[in-house]
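1. give me a 3D structure for the following:
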Amino acid sequence: MAKTFMLVAAAVLLAGCGARALGDPYVAATPQTRGAQVTVTAADAGKPINLRTGDALLLRLTETAPVPGSSLRYTVDADPAVLQVTGDFRYPNQATAKTSVHSFRFTAARSGTTFVVATGHQACEAMDPRYCRQPAPLSFPVTVRS
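-> Numbering: from 1, shown residues only. I've put the predicted structure just below:
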């Protein structure tokens, strides 16, 4: 009976580890911070984000590559004195997928206010340039307190 319980417990633990590994590997591979983690998406642009020193901010943006030669990719910018970029990961790799999630991870370094600005870069090799519009930047106001 004790052996059966141990085998079942081991199987449950291993299954849990596998389930996490099969999801977004960024989540499993990201080092833990000493604070909380706040996750935001494009839908949260413009909404104030409040963090404490040591907290993590995970910005998850959907990128697309609907046809060869056409893609939308993001870059981000923020005041590194307030928010330090501690991760940048795309899942699944956009080279093989039409849609992927680009995760940018920041750690709140010190008190202050900044904007995380995500700029979309639209590549339009497969279409008439007149119809290739660059998306408006997404801005996320962030306040970090001690």
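2. sheet-wise, list the partners of the strand ranked longest in the chain with their directions.
-> The longest strand of the chain (DSSP state E) is strand 112-124. According to DSSP bridges, strand 112-124 has the following sheet partners: strand 70-77 (antiparallel), strand 138-145 (antiparallel).
3. pull out the buried positions in it.
-> For strand 112-124, burial by neighbour count (16 or more other C-beta atoms under 10 Å) applies to Thr114, Phe115, Val116, Ala118, Gly120, Cys124. Where you see a C-beta, it was placed from the backbone N, CA and C, and this is true even at glycine.
4. contacts for stretch 37-44 next, please.
-> Stretch 37-44 has contacts (C-beta atoms under 8 Å, 6 or more residues apart in numbering) with 47, 49, 51, 55-62, 118, 138, 140.
5. name the residues of stretch 60-79 that are buried.
-> Those would be Arg60, Leu61, Glu63, Thr64, Ala65, Ser71, Leu72, Arg73, Tyr74, Val76, Ala78, Asp79, for stretch 60-79 by 16+ other C-beta under 10 Å.
6. and Ser146, how far from Arg90?
-> According to C-beta to C-beta, to the nearest Å, Ser146 and Arg90 sit 33 Å apart.
7. of those two, who's got more company?
-> Arg90 (18 against 8; other C-beta atoms under 10 Å).
8. tell me what the helix or strand harbouring the more buried one is packed against?
-> Element membership for Arg90, per DSSP states H and E: strand 83-91. Judged by 3 or more C-beta pairs under 8 Å, 6 or more residues apart in numbering; DSSP states H and E, strand 83-91 is in contact with helix 25-29, strand 56-64, strand 99-108.
9. what sits against the most centrally placed residue in the chain?
-> Computing the C-alpha centroid of the chain and ranking residues by C-alpha atoms, centre = their mean puts Ser103 first, at 1.9 Å. Ser103 is in contact with Asp24, Tyr26, Leu58, Leu59, Arg60, Leu61, Gly87, Asp88, Phe89, Arg90, Tyr91, counting by C-beta under 8 Å, 6+ apart.
10. so for it, what's the pLDDT?
-> Listed pLDDT for Ser103 reads 96.
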